[in-house]
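Undergrad: I would like the atomic coordinates for the input below:
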Amino acid sequence: MVEETLDLSLLEPIFDEFQTQKGTVIPVLQRAQDIYGYLPPEVLQRISERMRVPLSQVYGVATFYSQFYLTRRGKHIIRQCDGTACHVRGAAKIIRAIEKELGIKAGETTPDYRITYEVVYCLGACGLSPTAMVDNEVVGRLVPEKMLEIVRSLD
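TA: Residues are numbered from 1 along each chain as shown. All right, here's what the predicted structure looks like:
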């Protein structure tokens with residue numbers, strides 16, 4: 001695994017921006033996640049200290065909302081749809097092929113932090129099923145070989 005050093009000073013402009021406002025834990029967490037890509041324990045601790053909010057409350061907010069991530073995510077995020085239309089049209093075969101290719105299970109990140117692979121249950125593009133979202137771009141009419149090609153093309 002790749003070690004990382006966090007520069008917590010990057011949070012200071014966020015604290016400066018919200019210092020006079022009450023009830024700003026969510027936007028502070030959002031901005032912090034934009035900086036680091038996720039919310040590591042050191043960041044949650046600093047937010048707690050600087051905002052004078054108990055760590056348990058900061059952690060509670062971060063774990064309540066699905067938009068927040070407490071573990072480091074990959075450079076590329078792939079969300080494979082396995083909703084009804086996609087499932088009927090072969091999404092399970094795609095999922096198995098990608099898990100085998102990456103050596104991880106859905107919901108995990110490759111050890112080099114290159115790719116996070118997730119299964120979701122609707123991307124709202126049923127007419128293109130099976131579909132996936134690769135770095136916020138929807139790709140459709142997938143088969144395992146096409147999805148493997150896409151994954152292999154990611155830097």
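
Undergrad: Which strands or helices does the host helix or strand of residue 146 pack on?
TA: Following DSSP states H and E, one finds residue 146 within helix 144-153. Under the contact criterion of 3 or more Cβ pairs under 8 Å, 6 or more residues apart in numbering; DSSP states H and E, helix 144-153 touches helix 91-102, strand 132-134. (Glycine included, C-beta is placed from N, CA and C.)

Undergrad: Let me know which of those is the nearest to residue 51.
TA: Comparing the helices and strands packed on helix 144-153 against residue 51 with Cβ to Cβ, the closest turns out to be strand 132-134 (33.0 Å).

Undergrad: Pairing partners for that closest one, with directions?
TA: Strand pairing for strand 132-134, determined by DSSP bridges: strand 76-81 (antiparallel), strand 137-139 (antiparallel).

Undergrad: which of these sits most buried?
TA: strand 76-81 (a mean of 21; mean count of other Cβ atoms under 10 Å).

Undergrad: just to revisit the earlier point, adding mean neighbour count, mean pLDDT and distance to residue 9, write the helices and strands packed on helix 144-153 out as a markdown table.
TA: Below are the helices and strands packed on helix 144-153 laid out as a markdown table (neighbours: other Cβ atoms under 10 Å; pLDDT from 0 to 100; distance: least, Cβ to Cβ, whole Å):
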| stretch | mean neighbour count | mean pLDDT | distance to residue 9 |
| --- | --- | --- | --- |
| helix 91-102 | 18 | 98 | 34 |
| strand 132-134 | 22 | 98 | 33 |
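
Undergrad: Dump these to JSON lines, plus distance to residue 77.
TA: As requested, the helices and strands packed on helix 144-153 are exported to JSON lines (distance: least, Cβ to Cβ, whole Å):
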{"stretch": "helix 91-102", "distance to residue 77": "13"}
{"stretch": "strand 132-134", "distance to residue 77": "8"}
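
Undergrad: Mind checking those for the one nearest to residue 146?
TA: Nearest of the helices and strands packed on helix 144-153 (Cβ to Cβ): helix 91-102, 8.6 Å.

Undergrad: following the closest one, which helix or strand shows up next?
TA: strand 108-109.
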